[in-house]
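[1] Just a sequence and a predicted model for now, questions to come.
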Amino acid sequence: MNHWLVKSEPFKYSWEKFNQEGRTFWDGVRNYQARNNLREMKEGDLVMYYHSNEGKAVVGIAKVVKEAYQDPTTDDTNWVVVDIVPVETLKRPVTLEEIKADSRLKEIGLVRQGRLSVMALKREEFDRVLELANELR
């Protein structure tokens, strides 16, 4: 199983709205590296959900339930989507500030490639963010 992180601006598609809907296809990706990451996602992979711009925090975990297929919002065959469902809301959001301050996360894509909207995470990075979410502040 692989681990991923996707970013969404809460005013466009919040974690709360995602939970209400219960399933979505991850569309609108127009960056080739992010698109390639979508193509690599497999059914059952876990995905951290990050609120960008406003909030700047990992807020939940989702799961891939359908692998890459043509993005239905465009006729351009270069772009794909995957279907994801929410799994759980983190006990507390893990902020970008916390992630940047954690020496065990110094190589995480969220810090190294901050503008990329879909990125792979190492298992250790995924687990560390979960540890931080479970710590009392």
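    All right, it came through fine.
[2] By residue count, tell me the biggest helix in this protein.
    helix 123-134 (DSSP state H).
[3] Start from the N-terminal end of this protein and give the helices.
    Using DSSP H, the helices found in the chain span residues 10-13, 15-21, 32-40, 96-101, 109-112, 123-134.
[4] Glu54: which of those helices is closest?
    helix 10-13 (5.2 Å; Cβ to Cβ). In short, each C-beta sits where N, CA and C put it, glycine included.
[5] And that closest one, what's buried?
    Pro10, Tyr13 (16 or more other Cβ atoms under 10 Å).
[6] can you list contacts of that helix?
    Helix 10-13 has contacts (Cβ atoms under 8 Å, 6 or more residues apart in numbering) with Thr24, His51, Asn53, Glu54, Gly55.
[7] how about the residues you listed in JSON lines, adding neighbour count?
    JSON lines is the format used below for the contacts of helix 10-13 (neighbours: other Cβ atoms under 10 Å):
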{"residue": "Thr24", "neighbour count": "17"}
{"residue": "His51", "neighbour count": "22"}
{"residue": "Asn53", "neighbour count": "11"}
{"residue": "Glu54", "neighbour count": "11"}
{"residue": "Gly55", "neighbour count": "16"}
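[8] okay, which residue is most central for this structure?
    Val6 (2.2 Å; Cα atoms, centre = their mean).
[9] Could you tell me the per-residue confidence at that one?
    Looking at Val6, its pLDDT is 98.
[10] still on that earlier bit, between the contacts of helix 10-13, which sits nearest Trp79?
    Closest to Trp79, out of all of those and judged by Cβ to Cβ, is Thr24, at 15.7 Å.
[11] mind checking the longest strand of this structure?
    Secondary structure of the chain read by DSSP state E shows that its longest strand is strand 80-95.
[12] distance of the residue of the chain most remote from its centre from Gly22?
    Largest separation from the mean C-alpha position in the chain: Asp75, at 24.6 Å (Cα atoms, centre = their mean). From Asp75 over to Gly22 the distance is 28 Å, taken as Cβ to Cβ, to the nearest Å.
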